[in-house]
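Peer 1: quick check, what structure comes out for this input:
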Amino acid sequence: MKNRLFKIVTVAFFLTPLFSVVQSGAALAQEKTESNAETYRLLNLFGDVFERIRSDYVEELTDEELIEAAIGGMLTSLDPHSSYLNAKDYSAMQVQTRGRFGGLGIEVTMENGLVKVVSPIDDTPAFRAGIEAGDLITHLDDEPVLGLTLAQAVEKMRGKIGTDIKITVRRAGVEDFDVSITRAVVKIQAVRSRMEGNVGYLRITSFSAQADVGVKKAIEKFREAVGDKLQGVIFDLRNNPGGLLDQAVAVSDIFLDKGEIVSTRSRKPEDTSRYNARKGDLINGLPLVVLINGGSASASEIVAGALQDHKRAILLGTKSFGKGSVQTIMPLSKQGAMRLTTARYFTPSGRSIQAVGIEPDIIVELAKIEAITVPKARREADLRGALENGNAADPNAAPDADKAAPTPDDKAVESKARDYQLDRALDLIRGVAMFSGLSAVSQ
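Peer 2: Numbering: from 1, shown residues only. You can find the predicted model right below:
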């Protein structure tokens, strides 16, 4: 009797978890069925709306127009950077990535229903017209931007080469104003460089294809120009709207010997990606100053954040834009592509760039340098009966300081407005070089 009771209890003990598993599985199956039913109900709702618009809307629309509008609305409701690209837009995006395209030459996003300029691209129609990072575009040819998607607004700004477009700009501190810009083929020279005395100046306008190759060539030119007297490099990322992730990683790697450059983290932990530097700093540890501002976004923030976290560079300027999300271009079968935000960027120390940006180590606001006229002060030599100094006259002596000819820097200030942030970066590089004895100071 006891054995029989023991068997019944034992069977009940082992069957209870089995019943729990079966019940749990049944509950999950029921939940999945209910979820699928809700999805089908919503798709039926979409179909009803689609049919009603197609049959009753005041103007006739094609099925393609309606479907594309629906897809576009679904994506743009997610965040400012997700969007649908039809075949034409997808082709234009591919051309832009290669560094040559038609338009005004501005990188834009949406903010409160208006087009916001992330940054103008150097030597483009918008740049020459005086468009600045942070400007809001309210009207295009007198048509309000409010109500348009970003893709629609961009499409209106594009057009036949040589044609004009009038844009209405809203800028902090001034009344709204109109600017007429002539569309042109925009050719992006991704990397520009020059020597500032014994300091190399390097600017990347966007991280398009082959940007890393351009940086390497620029460093070679610095070495050819001054050899071992190179004091350091100024890396200008101001108004750089970003570009390709692989180029941001490759350019960062040029100045780093080891360590993580950036990580991307998506909704699924297993999809986390980490990008690391390889050995080899092409400027061998020389002082590096990176210039950033509110127009520095995305890929440029990846580079600035990596160099800052590794204490490889001093960041100077103002806070960056704060675009720390990853967009993946997903081609759709013969129907263009969609740009979908799939992850966030994190700097090596684990900081998220998104909506926060990169804070510079030294804050230097954009400023204008002006000469101040000061009345000439009386000096010892101006006093009646002042003694002579007793020095023998030197025919090779420099002229009196008051009568000295203007220096090249003085002429530069007179001839054009100086770049205040760049000047402070040059002071910093030369100061560090002089203090560390890396090379002789050269003006």
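Peer 1: C-alpha only now, for contacts and for neighbours.
Peer 2: OK.
Peer 1: would you map the helices across the stretch 301-443 of the chain?
Peer 2: 408-415, 420-436 (DSSP state H, counting those that start in this stretch).
Peer 1: what's the end-to-end length of stretch 352-360?
Peer 2: 15 Å (Cα to Cα, to the nearest Å).
Peer 1: quick check: buried residues in it?
Peer 2: 352-354, 357-360 (16 or more other Cα atoms under 10 Å).
Peer 1: ok, so of the residues you listed, who is nearest Lys334?
Peer 2: Gln354 (32.8 Å; Cα to Cα).
Peer 1: what about the nearest residue to the closest one once chain neighbours are set aside, neighbour count?
Peer 2: Computed as Cα to Cα, 6 or more residues apart in numbering, the closest residue to Gln354 that is not its neighbour in sequence is Gly324, at 3.9 Å. For Gly324, the neighbour count with other Cα atoms under 10 Å is 24.
Peer 1: hang on, Gly324 packs against Tyr345?
Peer 2: Yes - if you go by Cα atoms under 8 Å, Gly324 and Tyr345 touch, sitting 5.1 Å apart.
Peer 1: show me what contacts the residue most central in space within the chain?
Peer 2: The centroid of the chain falls nearest to Ala297 when counting by Cα atoms, centre = their mean (1.9 Å). Ala297 sits next to 118, 239-242, 320-323 when contact means Cα atoms under 8 Å, 6 or more residues apart in numbering.
Peer 1: looking at this, it is in a helix?
Peer 2: No - counting by DSSP: H, G, I helix; E, B strand; the rest coil, Ala297 is not part of a helix but coil.
Peer 1: quick revisit: nearest to Thr109 among the contacts of Ala297?
Peer 2: For the contacts of Ala297, the closest approach to Thr109 (Cα to Cα) belongs to Val118, at 6.7 Å.
Peer 1: strands paired with the host helix or strand of that closest one, and their directions?
Peer 2: Using DSSP states H and E, Val118 sits within strand 114-120. Using DSSP bridges, the strands paired with strand 114-120 in its sheet are strand 106-111 (antiparallel), strand 136-140 (antiparallel).
Peer 1: pick the most deeply packed of the ones you listed.
Peer 2: Of all those, strand 136-140 has the most neighbours on average by mean count of other Cα atoms under 10 Å, namely a mean of 22.
Peer 1: can you list the strands that the helix or strand just after it pairs with?
Peer 2: Once the chain leaves strand 136-140, the next helix or strand it forms, by DSSP H and E, is strand 143-144. Sheet pairing of strand 143-144 (DSSP bridges) gives strand 136-140 (antiparallel).
Peer 1: could the strands paired with strand 114-120 go into JSON lines alongside distance to Leu150?
Peer 2: Below are those laid out as JSON lines (distance: least, Cα to Cα, whole Å):
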{"stretch": "strand 106-111", "distance to Leu150": "6"}
{"stretch": "strand 136-140", "distance to Leu150": "11"}
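Peer 1: can you tell me which of those strands the model trusts least?
Peer 2: Across these, strand 106-111 has the smallest mean pLDDT, namely a mean of 87.
Peer 1: starting at the chain centroid, how far to it?
Peer 2: 11 Å (Cα atoms, centre = their mean, to the nearest Å).
Peer 1: got it, and stretch 65-72?
Peer 2: Mean C-alpha position of stretch 65-72 versus that of the full chain (Cα atoms, centre = their mean) differs by 29 Å.
Peer 1: show me what counts as buried in it.
Peer 2: In stretch 65-72, counting by 16+ other Cα under 10 Å, buried: Gly72.
Peer 1: got a list of contacts for that stretch?
Peer 2: Contacts for stretch 65-72 (Cα under 8 Å, 6+ apart): 50, 83-84, 86.
Peer 1: pLDDT score assigned to Arg339?
Peer 2: Turning to Arg339, the model gives it a pLDDT of 93.
Peer 1: please name the nearest non-neighbouring residue to it.
Peer 2: Ile329 is the one closest to Arg339 (Cα to Cα, 6+ apart), at 4.6 Å.
Peer 1: quick check: the residue nearest to Phe346 when sequence neighbours are not counted vs Pro241, distance?
Peer 2: Residue nearest to Phe346 in three dimensions, not counting chain neighbours: Ser352, with 4.6 Å by Cα to Cα, 6+ apart. With the distance defined as Cα to Cα, Ser352 ends up 18 Å from Pro241.
Peer 1: with Leu340 instead?
Peer 2: Distance, Leu340 to Pro241, by Cα to Cα: 18 Å.
Peer 1: point me to the helix or strand that includes Gln94.
Peer 2: Short version, using DSSP H and E: Gln94 is in helix 87-97.
Peer 1: same check, this time on Ser263
Peer 2: Using DSSP H and E, the element containing Ser263 is strand 260-265.
Peer 1: ok, back up a step: of the contacts of Ala297, which is the most crowded?
Peer 2: That'd be Asn240 among those, by other Cα under 10 Å, with 32 neighbours.
Peer 1: now that residue: how far from Lys258?
Peer 2: 25 Å.
Peer 1: re earlier: can you list contacts of the helix holding Gln94?
Peer 2: The contact list for helix 87-97 (Cα under 8 Å, 6+ apart) reads 101, 208-209, 243, 334-337.
Peer 1: also stretch 225-235?
Peer 2: 198-204, 222-223, 283, 286-291, 425-426, 429-430, 433, 438-441.
Peer 1: report the distance from that stretch to the chain centre.
Peer 2: On the basis of Cα atoms, centre = their mean, stretch 225-235 sits 26 Å off its chain's mean C-alpha point.
Peer 1: what's the first-to-last distance across it?
Peer 2: With Cα to Cα as the measure, what separates the two termini of stretch 225-235 is 18 Å.
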